[in-house]
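1. Give me coordinates for this.
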Amino acid sequence: MKRSLLLAIVLASGASSASSVTGRLDYIQGTELLGARAAIKPVIDLSAGRFRLHGEAFLEADAFEKLPYSEPGHYRYFLQEAYGEIDLSPFTLRAGYQSVRWSESWSVPSLDFWTARRWDRYFLDPVAEQLIHPLGVLLRYADDSFELEGFGSFRTPTDTLPLGVDEESVEQRFDSGGRMKLRLWGLDFSPAYAFIDYRHHYGFALSYAFDSVVAKIEAGHEGSNAEFGIAGLDIFIGEFSLFPQLTMYRPPEVSALELITYVPLRYETGPNKFEVQFLRTQAGEIFIGGEYGRALDDNFTFSAFAQDYRSNGEGFISSFDKLVNAGWIGGMRLTVTR
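-> Numbering: from 1, shown residues only. This next block holds a predicted model:
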């Protein structure tokens, strides 16, 4: 009875739906079989007037998992986003598990103070699935040239590390912060501040859009005296897109800067998509990856990839190097969207 009443209210309010379900089959091979995985991602998005409900989740199982996930044959599920939103233009109020991304970069550290990473999925899964979002309340004011956000977090996420790497336990607490975004003559300026885990996080982002190039810089201070700076370009030439980026990072209580160079190159034409990635750390770690994808029709996409992890036994990539028994790995993926 309650479900029927709720459905009647939603239908009477003229609600619209943009829901979907994505299924994925993955096969990953190295010197031995590393993974044979099935995953389902349901997305629910309902709108009625000024109100919106949105949810995303993942359910997966792997028969031969030897990568940094759960034990073989076990199911895994996690909630990616689940929030309610009210549009009171020019204000927006949103509450729940939600994406709060203040950075133009995918690097860590950055101005993405509220976003943690599933490092056990780094390089292997679509980027959006590598992110962990906070539980909180967001209030945003936005017009054509100015944006102001305030966010309060009841549960700030922490990184999920590969198996065998120690993780820090973090107590639940209330964190808060804000960001301003100003747009003038093609220039975007975004200062941001957050107080997380009893520590100050602050910084700014600056970007300028030319005809086919976007220049970006980002700098700030994160937590325990850690400093970072990011410089990058988004370059678009026909079907090609190139995103070179240099990240400079000074860890706590260390005087020397650490450098991370990351260069992804993408080419897309018709149903075909190619991508090459290169990452190198100052410690001498290297990641090289290539992927080819083809849309078979409106619902089916096939892709194949190859990756190589090279490390000197130190740093983050070394954990992958050990888990995949070094050398190249390859895989195939079939994605179905309805």
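2. Which helix or strand lies directly C-terminal to the host helix or strand of residue 82?
-> Assigned by DSSP states H and E, residue 82 belongs to strand 75-88. Toward the C-terminus, strand 75-88 is succeeded by strand 91-97 as the next helix or strand (DSSP H and E).
3. Sheet-wise, list the partners of that following strand with their directions.
-> Using DSSP bridges, the strands paired with strand 91-97 are strand 75-88 (antiparallel), strand 135-142 (antiparallel).
4. Quick check: which of these is buried the most?
-> Most buried of these by mean neighbour count (mean count of other C-beta atoms under 10 Å) is strand 135-142; its value is a mean of 17. Glycine gets a C-beta too; all of them are placed from N, C-alpha and C.
5. Which one, of the strands paired with strand 91-97, ends up nearest to residue 295?
-> Closest approach to residue 295 among the strands paired with strand 91-97 (C-beta to C-beta): strand 75-88, 23.4 Å.
6. among the strands paired with strand 91-97, which is nearest residue 309?
-> When those are compared by C-beta to C-beta, strand 75-88 sits nearest residue 309, at 22.6 Å.
7. how much distance is there from that closest one to the middle of the chain?
-> Centroid separation between strand 75-88 and its chain, computed with C-alpha atoms, centre = their mean, to the nearest Å, is 15 Å.
8. May I have that strand exported as PDB, CA atoms only?
-> Coordinates of each C-alpha in strand 75-88 appear next as PDB, following Å, rounded to 0.1, in the frame of the first residue of the first chain:
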ATOM      1  CA  TYR A  75      30.700 -10.800  -4.000                       C
ATOM      2  CA  ARG A  76      31.500  -7.100  -3.500                       C
ATOM      3  CA  TYR A  77      29.100  -4.200  -3.500                       C
ATOM      4  CA  PHE A  78      29.400  -0.600  -2.600                       C
ATOM      5  CA  LEU A  79      27.200   2.500  -2.900                       C
ATOM      6  CA  GLN A  80      28.800   5.200  -5.100                       C
ATOM      7  CA  GLU A  81      26.200   8.000  -4.800                       C
ATOM      8  CA  ALA A  82      22.800   8.400  -3.100                       C
ATOM      9  CA  TYR A  83      21.400  11.900  -2.600                       C
ATOM     10  CA  GLY A  84      18.400  14.100  -2.700                       C
ATOM     11  CA  GLU A  85      18.500  17.600  -4.300                       C
ATOM     12  CA  ILE A  86      16.300  20.700  -4.300                       C
ATOM     13  CA  ASP A  87      16.700  23.300  -7.000                       C
ATOM     14  CA  LEU A  88      16.000  26.800  -5.600                       C
END
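9. I'd like the average pLDDT over it.
-> Across strand 75-88, the average pLDDT comes to 90.
10. So what touches that strand?
-> 50-61, 69-70, 92-99, 129, 131, 133 (C-beta atoms under 8 Å, 6 or more residues apart in numbering).
11. When you filter those down to buried only, what's left?
-> Buried members of the contacts of strand 75-88, counted by 16 or more other C-beta atoms under 10 Å: 52-56, 58, 60-61, 69, 92, 94-99, 129, 131, 133.
12. buried sites along the longest strand along the chain?
-> In the chain, with assignment by DSSP state E, the single longest strand is strand 33-48. Under the neighbour-count criterion of 16+ other C-beta under 10 Å, strand 33-48 has 34, 35, 36, 37, 39, 41, 43, 44, 46, 47, 48 buried.
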